[in-house]
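J.: pasting the sequence and the predicted coordinates here, then a few questions.
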There are 2 protein chains.
Amino acid sequence: MNNCLILKGDICHTPVLGEIETLENGYVISVDGICRGVFSELPEEYRGLPVKEFPDALIMPGMSDLHTHASQFAYRGMGMDEELLDWLENWAFPEECKFADPAYTEKAYGLFAESMRKSATTRALIFATIHREATLALMEKLEDTGIVSYVGKVNMNRNSPDSLNEGSTEEAVKNTELWVKEALAKKFDHTFPIITPRFIPTCTDDLLQELGRVAREHHLPVQSHLSENPEEGEWVLELMPDISFYGEGYEKYGLFGKDVPTVMAHCIYSNPEEVELMRKNGVFIAHCPNSNMNIRSGIAPVRKYLQKEMRIGLGTDVAGGMSLSMFRAITDTIQMSKLYWRLIDQEAKALTFAEAFYLATKGGGAFFGKVGSFEPGYAFDAVVISDRRFTTLRKLTLKQRLEQAVNLGLDLNCLIAKYAEGRECLCIPDKA
Amino acid sequence: MNNCLILKGDICHTPVLGEIETLENGYVISVDGICRGVFSELPEEYRGLPVKEFPDALIMPGMSDLHTHASQFAYRGMGMDEELLDWLENWAFPEECKFADPAYTEKAYGLFAESMRKSATTRALIFATIHREATLALMEKLEDTGIVSYVGKVNMNRNSPDSLNEGSTEEAVKNTELWVKEALAKKFDHTFPIITPRFIPTCTDDLLQELGRVAREHHLPVQSHLSENPEEGEWVLELMPDISFYGEGYEKYGLFGKDVPTVMAHCIYSNPEEVELMRKNGVFIAHCPNSNMNIRSGIAPVRKYLQKEMRIGLGTDVAGGMSLSMFRAITDTIQMSKLYWRLIDQEAKALTFAEAFYLATKGGGAFFGKVGSFEPGYAFDAVVISDRRFTTLRKLTLKQRLEQAVNLGLDLNCLIAKYAEGRECLCIPDKA
């Protein structure tokens, strides 16, 4: 059988929200990049085929990072004393300007892609900068990592520093359409363009309108930021006096999930109308807890969104977030939901580990289709974590090992193999 | 010159709260375990002596961990879905029972001590369990790590599972005094006993009274828990109807800083009288942000404590906290102070990186004397972090490198040397 991949080890996944399924010393099988399921014994038809054995390692679905900024990776973990506007001015914008320089682009995106390759992430939605060529360069590098990604050339033509202002709407749209054309012409196997207005404060109405048109014409998804911060929300309503809530500004121009799949990062201060419209349109929420602490934004009501069965996944939001680690995003999600319960609303039960793990895998994975679970028919995205040196004192259940592996951040140093759509992205000897 | 240690590298410390002092490619000198200061050129008197060179590595003061449970280390990062009482019953207590078994003790405390040795911590206040022999075994292992620690045999004789109940006050006190005697007889160089009532709910009044006496008689410091959780506070007032706030229950029996140095972990719900008494008595607060999230306790008002010039340091509080990383404690402290500002009190400015770094070094270090800074006359506690592979894109300032090293948790995998009181605890080749 061609294109068959069989992994053997201790398997964990969450087919159902809040329920971890595990199998010790089991098999998970991919044929042509599609998962055939989890088996305690190798089915007849696969006998005799090579099996990749990962004894005492955890095999779990790959993580979907629904929101991160490749162009901010170089200064992650720095400048965190500053508030949002100072931080944008002193860190984000000066850094993003550098991607006009191909030599800098080469180095910075090279490091980002290499870190992404070594992470537990198999799917990602990524902001680049306004620069067309740098964005294409980033896409090439991501294609080489093997992961599946959507990459956005950022649009901004107002309230932006001169060197990041695309100028007239005409110019911005021309440049964006050229980028889309070039990106599609590359015929990448697993790297795709996504329409990326930075957020309403930096995009004029006519630019948003045009971006909606481009997205529809090319059937491209959309990503942006929404209701991250109270002051930001007020500013948007000043900039667009005819709307009654932030998301309506995207909706108005076809950028809010009705026409094309859409992901909005943050959604901390969404009012009931905004929440209802997101639900109705199937907008994905990218919950980015680490960034929401660092940038002092607040805590998104994730429990409430889950109760409404909204579409939601997790994002690392580098460099508002400190790290590309999706394991950290899971831990942060749980911790922040506990603080939300304690400090804001004792009706909103804290998220369990199993729920947060689901969000990082199947929850966010849903943006990409059947992704983030080992159920038959799902894309075969898997990561293997060697936790052997952490489990010497007692016999732990797989659930316990999984929780510990995530909470100790073992994705950073104990990832020994990664597959996206059955493609090997990484496979290194287990040094444990 | 004997007992002289000279390190060369990129030096950072915080002699003053909120101000990071740095020197690139500088020297920091220890003679007989005492720091002689930081120098840009090697002073005449030290010329010709061997210099340990750490090119492009960060040299900073060692961290003081003011609160952690050695006996809970084995299950760190697990069971975090459970609320405080279930968590104690299902995780903490069953685990602590195992330290009646010398074979288990040997393994579990061996792993803890090894992790402590490899951490950035050079000083620690540690809870063991009620078991005298296991506590002595832990002290021996900690002595071998080279760090300075105070270790407590835990006292509990009510509201405790049978196997962790010391029984009569007489029995508990006899056992505690025997442990103190044995511990002192070992004449450890840098490992000392500390009186450790678990907290008021598990200690009868007469036990607390006796522990106060033992502490005074042997001039031993005291550690315990205080005002971690609203329900806990109410329970304490039920158990001691004659007191008007939690801390008064310790004060009454000489366990609240007036007679002997005292550290109280958490202090999230301390009322103004309790805060004033802590200030007056010089009680140290061990702020444990990671645990306070995991156990759903809330956020301590650290800014308010700093404004009152209270004594405060950081604690990892394993296994309420997930990790022995004091770098993580610094990051968590800042993030939680930002949420405190956003969600609770916009008068309470978020902590800066420099402030949180001070708390982890000089703030907590003050419990041990002149510790946590490279000023002349301070004990020579230092750690060296190799951040070379994280700084390839641009020339960063030392402050930026330090902030990034902490926020990326480089204490976990990039620590290349550690000294406590001038003693080498660890020195490994720089693999970066």
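T.: Arrived safely. Numbering: from 1, shown residues only, chains lettered A, B, ... in the order given.
J.: need the contact list for A:A124.
T.: Applying Cβ atoms under 8 Å, 6 or more residues apart in numbering or on different chains to A:A124 gives the contacts A:64-66, A:68, A:116, A:142, A:147-150. C-beta coordinates here come from the backbone N, C-alpha and C atoms, glycine included.
J.: and the contacts of the helix-or-strand element of chain A with minimal mean pLDDT?
T.: Every helix and strand of chain A was ranked by mean pLDDT, DSSP states H and E. The lowest is helix A:84-87, at a mean of 81. Contacting residues not belonging to helix A:84-87 are listed as A:79, A:229, A:231-232, A:295-297 [Cβ under 8 Å, 6+ apart].
J.: reformat those as JSON lines; add pLDDT, secondary structure and neighbour count.
T.: Listed next are the contacts of helix A:84-87 as JSON lines, based on pLDDT from 0 to 100; DSSP: H, G, I helix; E, B strand; the rest coil; neighbours: other Cβ atoms under 10 Å in any protein chain shown:
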{"residue": "A:G79", "pLDDT": "92", "secondary structure": "coil", "neighbour count": "19"}
{"residue": "A:N229", "pLDDT": "93", "secondary structure": "coil", "neighbour count": "21"}
{"residue": "A:E231", "pLDDT": "93", "secondary structure": "helix", "neighbour count": "12"}
{"residue": "A:E232", "pLDDT": "93", "secondary structure": "helix", "neighbour count": "21"}
{"residue": "A:I295", "pLDDT": "93", "secondary structure": "coil", "neighbour count": "24"}
{"residue": "A:R296", "pLDDT": "95", "secondary structure": "coil", "neighbour count": "20"}
{"residue": "A:S297", "pLDDT": "95", "secondary structure": "coil", "neighbour count": "24"}
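J.: closest one to chain B out of these, please.
T.: A:R296 (4.4 Å; Cβ to the nearest Cβ).
J.: what pairs with A:T121 across the strands?
T.: A:M63 (DSSP bridges).
J.: that one and A:S64 touch, don't they?
T.: Yes: judged on Cβ atoms under 8 Å, A:T121 makes contact with A:S64 at a distance of 7.3 Å.
J.: same question for whichever strand or helix holds A:F327, mean pLDDT?
T.: According to DSSP states H and E, A:F327 maps onto helix A:326-343. Averaging pLDDT along helix A:326-343 yields 98.
J.: and the angle from it to helix B:326-343?
T.: Relative orientation of helix A:326-343 versus helix B:326-343 (axes from the mean of the first three to the mean of the last three Cα atoms, to 10 degrees): 40 degrees.
J.: before we move on, the earlier item: buried ones in the least confident helix or strand of chain A?
T.: Using 16 or more other Cβ atoms under 10 Å in any protein chain shown as the test for burial, helix A:84-87 gives A:84, A:87.
J.: and for stretch A:163-170?
T.: Within stretch A:163-170, the residues scored as buried using 16+ other Cβ under 10 Å are A:164-166, A:169.
J.: endpoint to endpoint, it covers what distance?
T.: Using Cα to Cα, to the nearest Å, the end-to-end distance of stretch A:163-170 comes to 17 Å.
J.: can you check stretch A:351-362 too?
T.: Note: stretch A:351-362 ends 16 Å apart using Cα to Cα.
J.: from the chain's centre, how far out does that stretch sit?
T.: Distance of stretch A:351-362 from the chain centroid (Cα atoms, centre = their mean, to the nearest Å) equals 14 Å.
J.: quick one: that stretch near chain B?
T.: Yes: applying Cβ under 8 Å from any Cβ of the partner chain, one finds stretch A:351-362 in contact with chain B at A:352-353.
J.: A:W179 contacts A:L138, doesn't it?
T.: No: using Cβ under 8 Å, A:W179 makes no contact with A:L138, being 11.3 Å away.
J.: which residues does the closest residue to A:N165 other than its chain neighbours contact?
T.: The shortest distance from A:N165 to any non-neighbouring residue, by Cβ to Cβ, 6 or more residues apart in numbering or on different chains, is to A:N157 (5.9 Å). The neighbours of A:N157, taking Cβ under 8 Å, 6+ apart as the test, are A:165-169, A:172, A:202-204, A:207.
J.: moving C-terminal of the least confident helix or strand of chain A, what's the next helix or strand?
T.: Next along from helix A:84-87, by DSSP H and E: helix A:93-97.
J.: before we move on, the earlier item: of A:W179 and A:L138, who's got more company?
T.: Comparing A:W179 with A:L138 by neighbour count (other Cβ atoms under 10 Å in any protein chain shown), the higher total belongs to A:L138, at 29 against 23.
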